[in-house]
Each structure stands twice: as structure tokens, then as C-alpha cells.
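Chemist: Could you look at this predicted model? Sequence included:
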Amino acid sequence: MLELLTTFVEELREAGLPVSLTESIDAANALHQIGLENRDVLENALGATMCKSHSHWKVFKTTFDIFFANISKEGLTGDDEQISLLSRDIDESGFLRYRQSDSSLLGAKLSSDRDADKMSIDVHDLAKAALDALLSGDDNRIGMVARYAVLRFAGMEPGRPVGGTYYLYRTLRALDYDHLADKIMEVERASAPGGVLSALQERLARDEHRFHIEKLRTAIEDEIRRHLIADRGAKPLARSVRKPLLEDVDVMHASREELEGMRKAIQPLSRKLAVRLGRRDRHIRKGTLDFRATMRQSLSTGGVPLQPRFRSPKPSKPEIVILADISGSVATFARFTLQLLHAVASQLKGVRSFVFIDGIDEVTDLLAGHEDIADAVRLVSTEADVMWVDGHSDYGHAFTVFLERWGECVGPRTTLLILGDARNNYHAPQSWVMRDLRRQARSIFWLNPEPRSYWGTGDSAISEYAGYCDAVVECRSLRQLENFVTELAGNGRLPGGLSVAGSYV
Amino acid sequence: MSETGTQPSGFNSREDVTDHLGHITPPTTISLQDNTESIFQSIDEVSSRLASAGYLSDNAISSVVYLADHLSKPVLVEGPAGTGKTELAKSVATAAAAKLLRLQCYEGLDESKALYEWNYRKQLLRIQAERVVGSDDGTTQPDDSWSSLEGDIFSEEFLLERPLLSAIRETDRVVLLIDEVDRVELETEALLLEVLSEYQVSIPEMGTISASRIPMVFLTSNGTRELSEALKRRCLFLYLDYPDIERERKIIVSRVPSITTELADQIARIVRSLREMDLKKHPSVSETLDWARTLVLLGIKSIDEQAINDTLWVLLKYRSDLEKAAKELGTAQGGAVENGRR
């Protein structure tokens, strides 16, 4: 039992969860208190002791499901033969082990099923059964359908080192998953009085069924996972389905779901960024010596100026100018940066936002006018005038135009933030513009979505510009963005911790 | 080496260290059976007693509360606003028949507001009084009087308890609620650490005060910032999301008397749909309950487009949200917005 727990903890750590020693001890204590009988309770107990951040929950849950699949869920009934075939006892050492006999057993079972299918159930019956189960919304029935569908359609082959996505896809296709919602809605409409649903009813019914369909999908995933565990053992499977934590996902290769998650996470981060970039220098700078007040004060100590008086410092009004590359080469990154742009702009007044490809345009008003980020992002991509010649990035031209038209908005209190990969398509980099901007601005930071090792290769002009930036930072994941924000010192300048441009060049 | 060797307690070899360490008695661990009798005997009991206190829990909540009780660990409750985090602590207090002590966190919270403070006015008075007495008889030695005076003014009598200290010193059963802990600065969090892991407070002038009875501790956070690892490590973590549809329905029925089950069901479904949408602020549980009460007051038996148009502002507090929701629910006939402004 302890062995199982330590393997589980090991896997969690490898997946990126920061599980400390004390936390694993707590988990063991918790296990001692509640026992192994109920899987939901076990999941909650282990989660409460080892998964201390909601964004890590998904990774935790997947790993948990793999390692503790043999503990049956409370209230799950039906098809016991199947469960007993797949559930593994914990052997003496307590570790869920792959046994040779299991895979051959599974294979035999599957092939015999394949023969038996001819006389039992065909595709249409099962699709119909799925529909009925979904309409009833009954968990047990949905579970049964999932179990049978996997057995019948997944076509699993024992021993293959896969994560199961392909099996899932096959099963879903056999069930006509994509059209399930529409079919159910047809049934709903047919059963409604007069055959018509009001818009409200339609919407509610659709949400209701989407929820059930989601359940079916999860049930199928669970089922496939159970087969895979029986086939290959928990540990290897956990390794092949392992996904990076949200904060480690590469922005350039993020899936739609992951982007959605990032969008939610970016809001608090951008607030922090805005505050850091714009923080007034209240801790460091005292004002200049106020001679008159010092003399006045000295009168009370017999003309000896014991306490010097200072003028209170002028509160500096922070100004932030953001330039974001939204060209095709950084398309996903551009979505990310636009979200960041929008989020920062909504946090702080005095932010001016620009987007560019080979032309450049100001989008401050576009962003300000729309509270809804999706709207704003769409508007920016359609309305901003960022095309000059061919729609391939030309940093040199964009910067030159920026300096000409908006150059005076960069002053000694301005922090300039540039987001882009500096892939210049071999155009002239015009780095003198950056030099001029550097003279005008308080500081310039460049966030680059490319891996550091690619910088300066091919058409990357980052090394041309880096010399004029206070820092060029690799920013490919939320964690890196967070690090950047954290490292920004209170006065909007970077401490030595981050790669300062000079050291890069 | 020779220097360390001369010290009586110095270690001379590696074996020596092991030897010494072997003789140190392990720190007395907090064992529940000795100090505190557990409040709840089973997870089901947690659920049922919370229910009788008016709080409908689910499996996750009950399990964590049960574990907190048995492992004597604090619980860090995180989740969106209005999902019943504070309510949970209150209900546990009711269920356990315990006194609830509450520390509301805010930016700038410090030791003197969270732990303890010396009542320095009273101390001053005490010194004044001493001086008056001393000058009267003139017998006491000055040195003598000072040390006795010092011992005197840093004693129980002059100590002002703040929530954390009083939770520790309370002899009856208590539930300590540290509310919105994400509002204090990262540095201030450190104040809590000693209390949360050792259940003790160190006061330099008086020594360490340990808990006579381990309190149940709940910390709540809205997740506006990441809490420090040190704090998280000491707590059990519970994420309170919006309830699922079953639980929401039950909550509505239990909290809004005289509501029909059909109406409760409809409300729960509409609220679920709203929470699926991409809104600025999703309706909280308390707002759902407000909506249910509004509908009951208005005598609405079944929700239709008109009813939603007239009352959606109870659920949604932003104009853009109202517009969007009306559009998505298919009730946009221009009514919702006007109502929203009212």
C-alpha cells in the first residue's frame, strides 16, 4: 500500500506537481484514516493533501485514475465479469503490476467478443442504446453503453505502447459522437408539444444534453484507460498520457482547450504585470533636500539641523506602450499576446497598444471599446491596418513608422514592451530606431516566444535589437511570463536574475 | 576541530552526531486521541451534521472536513466568490457546537491585529502607580523594583488577545476562520505559519503558548494571488467550485421555503447554463438563492422568457453580461438591459 502511494507520488512529481515530503506523509496519514474502500473519498483525500492548486487538478485526476483504477467507484454496478477481468489485486509488494497472463486474457476476450458480435449487437443498435441512455441521463446506463462500445469498436490491441487517443477516436466515431447532440435535440423537439421548442427551452435542453454527452465521453475514456492499465500497468501508461501543466504548455503549440485555460489564467497575471510595470518608485527615491523646511525644523533644536527634510517625490505617472507582432508566424502567440494586451489595457489607464505585421496601427481605442475579449481580438485582427506590402513581418518598417507617427508618445517615463519573435524575413532591421527609442524611453523589454536556442538563427533579427533593450526574455509559457512579471523589480527595472540583453549579445 | 572539541556539546565525529541525535526524544507529536476527542466519527456523520446545520455538503467537502478533524490540519478553501467558503466554516462551527473565531484579512494586517498586543496604556498606568507608591514609603531598592515591575507589566493582565491567540488559548472547542487570506501581503502570511503548523504562539516576553485543545482552522481564499508554498504545505486543500445541478437544486429547496421542486429545477438548469457562458461574473450560489426568492415573491410558477427578462438583474450584475445572457438564452427583446439599469 505504501509502495503504491510512493510510486503514485513519484509519478505526480514527474508530471510536474510540487509534492513535498511533508505532503506525502500527510497523504499516508490520510490514507490510514480513511482506508481504500471508497474511491471518491480516496481521491478527495489524496487531492486535499497533495494537490494544492486548482490548475493542477486535471493532471492529478488523470494520474489518480490510472493508479487507482482497480478501486471501484461507489455505486457503480453492472457487468461484473468485465470489472473482475480488469481489476487487479494489489500484490505483495503493493504495486500494480503488469502480468503476462492479463494481456493474453484480454486479447482472448476481445477476439471472442469480436466473433460473438455478429449475433449480438450491431452498430445501429448501440447508437440507439447510446441515444436512449443519454436521454434518460442515467449514469449506470451511460456507463454500460460506454463499456460495451469500447469492447466492440475500439479495436484495442494488447501490448501497444499508446495513450489511447486513437481508441477513443474510433469508439466515438462508431457512436456518431459529433451528431449525437443534434439527434437528441430532434427527439426533444419531436416530444415537445406542437413539435416546437421556445428558444429558452431549446438552449436549456441543449446544455443539459451536452452535459450528458460529456459524461459518456468521460465514461468511454475511463473504460479505455482501464483496458490499457490491465494491458500495460499503471506506471508506463501514466508516462505515455502525461501532459504538461498548464503553466508549462508552450504557447506556440497550445491546443484550443489549453489556450482557453491560459486566457483565464492571464487575467490576474496581467494585473500584476501592469502594477509592476507602472509602480511608482515609492520605496527607493526620496525627494530632493528641502532647504527651507530643514532650516525651519532646526529652529526647534537651537539652529542645529538635526533632521534634514526632503521634498516629497513627485508621483510618477506610469506610461506603458505595447507593440505586439500579430503576423502568421506567431499566430497562436499573437492570440496570447492580444489577450495579454487586452488584459493589461483593462487594468491600467495610460496604456497604449499597437499591433504590427509590416505596417503598424494603434489599437488602444479598439481594445478599450470592447469589454469582451473575444470581440476585441476579432476586431483587432480585422480592423487594424497592419498590412503595408505583403503581410510578412517587417520589424524594421513597422518600427520606423512607429517612430515617425507615434514617436512623441514615448517619453522618459515610458516603459516599452515589445512582443514578437523578431523574424524579419530578411528585411532591413533598422535597429537605429530602437537606439533612438531607447534614448527616449525609461526602459524597453522584449518578450520573445521562440526558444532561446533559435534566437539569431535564420531571419531572426533579435540580436540586432537586443543591445538596445533592457532585457530580452524568452516567453513561451505562462510560467515564463509569470517569472518575468515576478522578476520585474519595483521600479520597473530588472534585477540581475534575468537575462539582461547585454549578456545575451 | 580543536575549537569545537573544547565545547562541551560539540560533536567530535559523525558517529557522535548520530549518537546525540539518537538520544533526543522526538518532539511530542500532536496526538488527537490524547488531547482532543475527534468531533466526527465518520464521513457520513460530517455530511449529516452539516446538513442539520443548514449546509449541504458533497463528498469532497465532507471528506476534507473529516480529515481536517482527524489529522488536525488546517483547511485552505479556495474557489470563486459566493460558493459558500465562509459559510462552510460557520456551519462546521455550528455542527461541532464550537465557538467561531474570525480573523478577517486585509492588506496591512499585522501582528498586533492578528496575534496579540501589549496594552501599553495600562502598562504606563502601572508604572505611574509604582512610582507613586515608591515615592511614598521609599523603602524598595530601585533595581529590585524594576525587575519585579518588568515581570509585572509583561504578564497576562496586560496582554490583549487577538483572534489567533485567543483561538489557541480557548479551552472550549473552537473553529478559527481566517477569511480571505489572499488579501494579506506575502510577507504577512508568515505570521500564520507558527499557529497553523504547531498550534502555538511565541511571545518573547512570556514564552510560548501552546494550544490546550487543537482548534479547527479554515482559511479562505478567492485565488486573487498564489499563496506561498509554505502556507499551502501546512494545509489541506479544498477547491469549492459552483455546485453541480443536483446539489444546487437541493440547496435551493432547503434554503427557500415554499418553492416548488419544478421551479427549483428550472432555476438550477438556467443557472447552470449561465455558468457555462463566458461572462465577467458568474452567478454565485447566494445570488441564485436571491433569484429563487424573488421569483417566489413575484408568484411566478414557471420561468418563461418574460420572467427572465424581468428578473435577470438579480443574477447578473454587469450590463455586458446581461446583454450577452439575454442573447444566448434567446430572451433578448430589449427588456433585460433596461431592467439592469434600474
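Modeler: Nice, I can see it.
Chemist: From now on I want contacts and neighbour counts done on CA atoms only, so please keep to that.
Modeler: Noted.
Chemist: Helices along the stretch 1-150 of chain B, start to end?
Modeler: For the stretch 1-150 of chain B, helices defined by DSSP state H, counting those that start in this stretch occupy the ranges B:2-6, B:14-23, B:32-35, B:43-52, B:59-71, B:85-95, B:111-114, B:120-137, B:142-153.
Chemist: Quick one: closest of the ones you listed to chain A.
Modeler: Among these, helix B:59-71 comes nearest to chain A, with 5.4 Å by C-alpha to the nearest C-alpha.
Chemist: Quickly check: that closest one near chain A or not.
Modeler: Yes. Shown here: helix B:59-71 in contact with chain A (C-alpha under 8 Å from any C-alpha of the partner chain) through B:Asn59, B:Ala60, B:Ser63, B:Val64, B:Leu67, B:His70, B:Leu71.
Chemist: of all the residues in chain B, which ones are close to chain A?
Modeler: Chain B has residues B:59-60, B:63-64, B:67, B:70-71, B:224-225, B:232-233, B:235-239, B:269-270, B:273, B:304-305, B:320, B:328-331 near chain A, with proximity defined as C-alpha under 8 Å from any C-alpha.
Chemist: Toward the C-terminus from the one helix or strand A:Arg435 maps to, list the very next helix or strand.
Modeler: Assigned by DSSP states H and E, A:Arg435 belongs to helix A:431-440. Next in sequence after helix A:431-440, counting helices and strands by DSSP H and E, comes strand A:443-448.
Chemist: how far out from the middle of the chain is that following strand?
Modeler: Relative to its chain's centre, strand A:443-448 lies at 23 Å (C-alpha atoms, centre = their mean, to the nearest Å).
Chemist: Name the strands paired with that strand and say parallel or antiparallel.
Modeler: With DSSP bridges as the test, strand A:443-448 is paired with strand A:414-419 (parallel), strand A:471-474 (parallel).
Chemist: On the pLDDT front, check the residue of the stretch 101-250 of chain B found nearest chain A for me.
Modeler: Going by C-alpha to the nearest C-alpha, chain A is nearest to B:Phe237 of the stretch 101-250 of chain B, at 4.4 Å. Per-residue confidence (pLDDT) for B:Phe237: 94.
Chemist: State the number of residues packed around it.
Modeler: 27 (other C-alpha atoms under 10 Å in any protein chain shown).
Chemist: quick check, it in a helix?
Modeler: No. Using DSSP: H, G, I helix; E, B strand; the rest coil, the assignment for B:Phe237 is strand, not a helix.
Chemist: Quick check: it touching B:Val77?
Modeler: Yes. Assessed by C-alpha atoms under 8 Å, B:Phe237 is found in contact with B:Val77 at 6.2 Å.
Chemist: can you pull the contacts of B:Ser112?
Modeler: B:Arg162 (C-alpha atoms under 8 Å, 6 or more residues apart in numbering or on different chains).
Chemist: That one and A:Ile326, how far apart?
Modeler: 52 Å (C-alpha to C-alpha, to the nearest Å).
Chemist: And the strands in the chain, which stretches?
Modeler: If you meant another chain, say so; for now it's chain A. In chain A, the strands defined using DSSP state E lie at A:319-325, A:351-356, A:360-362, A:414-419, A:443-448, A:471-474.
Chemist: I was thinking of chain B, sorry if that wasn't clear
Modeler: Assigned by DSSP E, the strands in chain B fall at B:75-78, B:99-104, B:116-118, B:159-161, B:174-179, B:200-203, B:207-210, B:216-221, B:236-239.
Chemist: related to what we said a few turns ago, return the members of the residues of chain B next to chain A classed as buried.
Modeler: Neighbour counting with 16 or more other C-alpha atoms under 10 Å in any protein chain shown marks B:60, B:63-64, B:67, B:70-71, B:224, B:232-233, B:235-239, B:269-270, B:273, B:305, B:320, B:328-331 as buried within the residues of chain B next to chain A.
Chemist: Is there a neighbour count for A:Lys215? I'd like the number.
Modeler: 18.
Chemist: so what's it up against?
Modeler: Applying C-alpha under 8 Å, 6+ apart to A:Lys215 gives the contacts A:Ile142.
Chemist: In stretch A:350-370, which residues are buried?
Modeler: Neighbour counts over stretch A:350-370 (16+ other C-alpha under 10 Å) mark A:351-364, A:366-367, A:370 as buried.
Chemist: now swap in stretch A:305-315 and tell me
Modeler: A:Arg309.
Chemist: Contact partners for residue 42?
Modeler: Chain wasn't specified; assuming chain A. By C-alpha under 8 Å, 6+ apart, A:Leu42 lies in contact with A:Leu31, A:Ile34, A:Gly35, A:Leu36.
Chemist: my question was about chain B
Modeler: The contact partners of B:Ser42, taken as C-alpha under 8 Å, 6+ apart, are B:Tyr66.
Chemist: so how far is A:Ala127 from A:Arg152?
Modeler: As judged by C-alpha to C-alpha, A:Arg152 and A:Ala127 stand 12 Å apart.
Chemist: let me fix that: A:Ser198
Modeler: From A:Ser198 across to A:Ala127, the span is 28 Å (C-alpha to C-alpha).
Chemist: burial count for residue 287?
Modeler: You didn't pick a chain, so chain A it is. A:Gly287 has 12 neighbouring residues, counting by other C-alpha under 10 Å.
Chemist: right idea, wrong chain: chain B
Modeler: For B:Glu287, the neighbour count with other C-alpha under 10 Å is 17.
Chemist: does it really touch B:Leu315, like I thought?
Modeler: Yes. At 5.5 Å, B:Glu287 counts as touching B:Leu315 under the criterion of C-alpha under 8 Å.
Chemist: B:Leu236 reaches B:Glu78, doesn't it?
Modeler: No. Counting by C-alpha under 8 Å, B:Leu236 sits too far from B:Glu78 to count as a contact (10.8 Å).
Chemist: Show me the shaky parts of the stretch 301-450 of chain A.
Modeler: The stretch 301-450 of chain A contains residues with pLDDT under 70 at A:313-318, A:329-331, A:347-349, A:369-375, A:377, A:381, A:387, A:389.
Chemist: List the contacts of the residue of chain A found nearest chain B.
Modeler: Proximity of chain A to chain B (C-alpha to the nearest C-alpha) peaks at A:Ala48, 4.4 Å away. By C-alpha under 8 Å, 6+ apart, the residues touching A:Ala48 are B:Val64, B:Leu236, B:Phe237, B:Leu238.
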